[in-house]
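>>> with the input below, show me the fold.
(one chain, ligands or ions: 1)
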Amino acid sequence: MTTNILVVGAGAIGAFYASRLHQPDNGVLVSVVCRSNYDVVQKDGFTMETRSFGEYSFRPANVFRSPENAKSSKMQWDYIIVATKALPDHSDDSAMLEGLVTPTTSIVLIQNGVGIEEPYAKRFPQSCVISTVTVTSAAQVSQGHIKQHRWTRLEVGAYLAPSNSTSTSTSNSSSSAPTLPPAHEFATKKLVEIMHQGGIKDAEYWDPVEMQLVRWHKLGINAAFNPSAVLCGGMGNADMLRDPELRTHITGVMREIVHAGTALHGRAMPEKLATIEAILKSTERNAGAKPSMLLDWESGKAMELEVILGNAVRMAATKGVEMPRCQSMYALLRSQSRLREEKKKSKL
Ligand SMILES: NC(=O)c1ccc[n+]([C@@H]2O[C@H](COP(=O)([O-])OP(=O)(O)OC[C@H]3O[C@@H](n4cnc5c(N)ncnc54)[C@H](OP(=O)(O)O)[C@@H]3O)[C@@H](O)[C@H]2O)c1
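Down below sits the predicted model:
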């Protein structure tokens, strides 16, 4: 039986994973919804220049111009992968999936930030929402030309809305796994298996609580480096760490996030995740890398501010946990971003 996968948002990350999941010989067919790269991809497919798998071309099973276009195909999707930038202050991307999701469709989010699953879980309460976090570094260097710089790792776990994610244990322990419908667990594990078959050997399955901790752990990196890079005037990650004051600030943000994430979920970070010290050490070696938020800011694009800072601060506040470093960065960047938008509008 064929597994049909639709990727909505076939940019750097969406196209990279789409190209690994597309396995016609194994009965897995991947289609994509493109936007500005539609004409190129429709004509020639994607050109993949990857560090992990070499150079190859990838022709999706179908290339759609829009979600509406995909709807009119009347195809049934086993998985719909959303790999747009998560910008809830600009658009509710869950709305794009109306008419595409059936009760057996799993919705997979490959995006940074926290609190990104909620709009999908609310709109499609019966569906399996799979939360994933990637450390892959990739860019679309020109329309349809994807460059993967390094890493492939993908952490994968089903999402349980907070009301469902209380412990099933009758004891007061908060460490037992929440209830996950067997069909959702099956769909999540099957996705990991297809990733492995496609060469993403380090794709890993996590239970729903662990997955949220993994997400907060990744947030520790994104929220520490991305906003700081913009606020400090445009430095790359390794350069920021060479400045003692910035290093203290970045370390403080990471500690704040680990504290908030573990307080929210009542569990310590999984042991195999890198410590803050290890993250700082490996970042020191990654000279020249500019965080995506800085690149977005420099090119006048919207930043993933709400999911990287705003949601974290708000979610922590529901448990009485304060995040003063993150809140300050959020307030400053939100204002900076708003002022720039107003200036742009006044010039029109
Ligand atoms: N790139 C990385 O190395 C990396 C690493 C880890 C995590 N991430 C995370 O992965 C997510 C995706 O990032 P990315 O770097 O892949 O972004 P990207 O290259 O900008 O790709 C996003 C794609 O989504 C498309 N899109 C946006 N809205 C759409 C819509 N309404 N309909 C159809 N297509 C739409 C964009 O089209 P347009 O080109 O027309 O805007 C673009 O092709 C983000 O949350 C990011 O933080 C990225």
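>>> so what's Cys128 up against?
Residues near Cys128 by CB atoms under 8 Å, 6 or more residues apart in numbering: Ser106, Ile107, Ala158, Pro181, Ala183, His184, Ala187, Thr188. Where C-beta positions appear, they are placed from N, C-alpha and C, glycine not excepted.
>>> the fifth one and Ser328: what is the separation?
For Ala183, the distance to Ser328 (CB to CB, to the nearest Å) stands at 43 Å.
>>> what about the two, which has more around it?
Ser328 (15 against 12; other CB atoms under 10 Å).
>>> ok, that one to Ser228 distance?
11 Å.
>>> contact distance from the ligand - what residues of this structure qualify?
By CB under 6 Å from any ligand atom, the part of the chain that sits against the ligand consists of 8-14, 33, 35-37, 83-86, 96, 110-112, 134, 136-140, 292, 304.
>>> got phi/psi on the closest residue in space to Trp206 that isn't next to it in sequence?
Using CB to CB, 6 or more residues apart in numbering and skipping residues adjacent in sequence, the residue nearest Trp206 is Gly157, 3.9 Å away. Main-chain dihedrals, Gly157, degrees, to the nearest 10: phi -160, psi 150.
>>> tell me what Gly157 is bridged to.
Here Gly157 sits in beta bridges with Ser131, going by DSSP bridges.
>>> hmm, back to that, now the contacts of Cys128 in JSON lines, with secondary structure?
Supplementary listing: those in JSON lines, determined by DSSP: H, G, I helix; E, B strand; the rest coil:
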{"residue": "Ser106", "secondary structure": "strand"}
{"residue": "Ile107", "secondary structure": "strand"}
{"residue": "Ala158", "secondary structure": "strand"}
{"residue": "Pro181", "secondary structure": "coil"}
{"residue": "Ala183", "secondary structure": "helix"}
{"residue": "His184", "secondary structure": "helix"}
{"residue": "Ala187", "secondary structure": "helix"}
{"residue": "Thr188", "secondary structure": "helix"}
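>>> just the buried ones from these?
The neighbour-count test (16 or more other CB atoms under 10 Å) marks Ser106, Ile107, Ala158, His184, Ala187, Thr188 as buried among those.
>>> now do the contacts for the closest residue to the fifth one other than its chain neighbours.
Going back to what we said before, that points to Ala187. Closest residue to Ala187 apart from its sequence neighbours, by CB to CB, 6+ apart: Ser106 at 4.4 Å. Ser106 makes contacts with Asp78, Tyr79, Ile80, Ser127, Cys128, Val129, Ile130, His184, Ala187, Thr188, Leu191, as judged by CB under 8 Å, 6+ apart.
>>> quick one: Ser106 from Tyr17, how far?
Taking CB to CB, one finds Ser106 at 14 Å from Tyr17.
>>> try Glu342
In terms of CB to CB, Glu342 sits 37 Å off from Tyr17.
>>> between the two, point out the one with more neighbours.
Neighbours per residue, other CB under 10 Å: of Glu342 and Tyr17, the larger number sits with Tyr17, 28 against 10.
>>> that one: what secondary structure?
helix.
>>> how many neighbours does the closest residue to it other than its chain neighbours have?
In space, Tyr17 comes closest to Ile110 once its chain neighbours are excluded; the distance is 6.3 Å by CB to CB, 6+ apart. Neighbourhood size, Ile110 [other CB under 10 Å]: 23.
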